[in-house]
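Colleague: Give me a 3D structure for the following:
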Amino acid sequence: MPSTNAPPIADPDVSIRFADSRREYNAGESLRAVCAVHNADALECRSAEVSVLWRTVGKGDEDLHVHYFERLLGEDARLSSPFQLEVQLPESPLSYDGLSVKICWCVRVRLNLGGYRTHVTEAPFRLGRTAPPEPREAT
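Modeller: Next up, the predicted model:
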């Protein structure tokens, strides 16, 4: 009787490397990064999405806005050859680490794999320099 154990499905080995190892950018500046899948030959990747986005985290509804998006199909979706990303960042919103809400920026790679599987890798960065919030006084 044949074995019903399918070979294990490899987890993607994705890297997102910022140019000059920077993780802080000024508003309006260009962000450069390289995205790659190091074990692409072991994966069935149907499409890849590379995006630059920000989201809010904290109290209330969470917002998400995509500043840059590119979908790669076919052989390009495997990202076996590094994908060069260069994006001019907007003037706002700036990264913010508030007491009740945070604004977080990242580069995201989403792989759409066989069998309706997806894999997401994110690399956070800061946009702008904002002062930390002042602590609230107890009332």
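
Colleague: The residue positioned nearest the centre of the chain pairs with what?
Modeller: In the chain, the C-alpha nearest the mean C-alpha coordinate belongs to R108, at 1.6 Å (CA atoms, centre = their mean). Under DSSP bridges, the beta-bridge partners of R108 are S51, E122.

Colleague: so who does it touch?
Modeller: Each residue near R108 by CB atoms under 8 Å, 6 or more residues apart in numbering is listed here: E49, V50, S51, V52, L53, V120, T121, E122, A123. Any C-beta I mention is one placed from the backbone N, CA and C, and that applies to glycine too.

Colleague: Distance of it relative to T118?
Modeller: 11 Å (CB to CB, to the nearest Å).

Colleague: Check V14 too.
Modeller: According to CB to CB, V14 stands 12 Å off from T118.

Colleague: list residues touching both of these two?
Modeller: Common neighbours of V14 and T118 (criterion: CB under 8 Å, 6+ apart): L111.

Colleague: More neighbours: which of these two?
Modeller: V14 (21 against 12; other CB atoms under 10 Å).

Colleague: pLDDT at that one, what is it?
Modeller: Looking at V14, its pLDDT stands at 93.

Colleague: Just the buried residues of the contacts of R108.
Modeller: Among these, those that count as buried by neighbour count (16 or more other CB atoms under 10 Å) are E49, V50, S51, V52, L53, T121, A123.

Colleague: Many thanks, have a good one.
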